[in-house]
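Visitor: structure for the following, please:
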Amino acid sequence: MAHDHDHDHDHDHDHDHEHDEEFAEELDEFLGEFQELLGSDPEAAMELVESVDESFSAHPLIRIAHAHAVWVTKGAAEARGELETLVTAEPDFSDAHYALADVYGELKEEALRVKHFERVLELDEKDDAEAGFDASAFQELIVKSAEQALTGLPSPYRERLQGVPVLLEPRPSKALVKDGFDPRALALFEGPTPAAGDESEPPPPKRIVLYTANLPAEFEDEEELASEVELTLLQEIGNYFGLEDDELDRLGLE
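Guide: Below is the predicted model of the structure:
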């Protein structure tokens, strides 16, 4: 008799596993649809996320989607409470800390923003370790893509960035994040300290850092990753040199 009972238990276990996979697929599909709507019709995205059935509504990814819809339709102050509740319920959910940090940034709550950014860095590093993620596997591709992007720049930017070292680090350092730097940034252009009263063009950066754990976290395949490295560099060059739209156009960004 006991044997039969065990057999039933195994069957239930298989069924649970299939159910989990099905649930994950449905969730993925739903979130894709939600993201698209959020960009084009935030009110409809809000209606969609509020119409989910109970088996979905308590899931952390649905809760954070709802908070994003609240943020876009009703503002950061409204989203704040919802995200604070979510972070309390799911203290290890780094995406929730990240969204909350952004909300605090918009509300000019700098100390709270930094506190949650520090937590994001800690959780992301822990997730890397637990998943056995090895950022060095992507280094060669990232370096090659970066070199191609820099050599393909038009004058005078190519000359101005010649000889600036491109360094690789997995993620921003704790010290940088403590200063308010985004723990999920893809790159850093570190400028020299400007001379007093020097209002001329910014000098070339001292170094460019690409974050080898943050870049692959965003992109599925190698081709996407390579083009993202290029796009990231062009955007950072644009920001660093304070380029206008027509100059960004020349870089190939528009």
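Visitor: output the below-cut-off pLDDT ranges for this protein.
Guide: Counting by pLDDT under 70, the chain contains low-confidence residues at 1-17, 193-200, 253-254.
Visitor: the helices in it, which residues?
Guide: Secondary structure of the chain, counting by DSSP state H: helices at 2-40, 42-50, 54-57, 60-74, 76-89, 94-106, 110-131, 139-151, 157-161, 174-178, 214-218, 222-240, 245-251.
Visitor: in the second one, which residues are buried?
Guide: Across helix 42-50, burial judged by 16 or more other Cβ atoms under 10 Å covers 42, 45-46, 48-49. Using the backbone N, CA and C atoms, a C-beta is placed for each residue, glycine as well.
Visitor: run through who's touching that helix.
Guide: 33-34, 37-38, 62, 65-66, 69-70, 72-73 (Cβ atoms under 8 Å, 6 or more residues apart in numbering).
Visitor: tell me the centre residue of this structure?
Guide: Closest residue to the average C-alpha location of the chain: Arg184 at 5.1 Å, with Cα atoms, centre = their mean.
Visitor: so what does it have for phi and psi?
Guide: The phi and psi values for Arg184, taken as degrees, to the nearest 10, are phi -110, psi 20.
Visitor: check contacts around it.
Guide: Taking Cβ under 8 Å, 6+ apart, we find Arg184 in contact with 98, 120, 124, 171, 214, 217.
Visitor: I'd like the distance between the closest residue to the fourth one other than its chain neighbours and Ala65.
Guide: Nearest residue to Arg171 in three dimensions, chain neighbours excluded: Ala213, at 5.0 Å (Cβ to Cβ, 6 or more residues apart in numbering). Going from Ala213 to Ala65 by Cβ to Cβ, to the nearest Å gives 25 Å.
Visitor: Ala129 now?
Guide: Applying Cβ to Cβ, the value for Ala129 to Ala65 is 27 Å.
Visitor: neighbour count: those two, which is higher?
Guide: Remark: of Ala129 and Ala65, Ala65 carries more neighbours, 23 against 9, as counted by other Cβ atoms under 10 Å.
Visitor: what separation do you get for the more buried one and Glu228?
Guide: 23 Å.
Visitor: what of Leu38?
Guide: For Leu38, the distance to Glu228 - Cβ to Cβ - is 21 Å.
Visitor: the two: which is more packed in?
Guide: Taking other Cβ under 10 Å, Leu38 and Glu228 do not tie; Leu38 has more neighbours (20 against 17).
Visitor: right, and the more buried one touches Trp71 too?
Guide: No - with contact defined as Cβ atoms under 8 Å, Leu38 does not reach Trp71; the gap is 9.7 Å.
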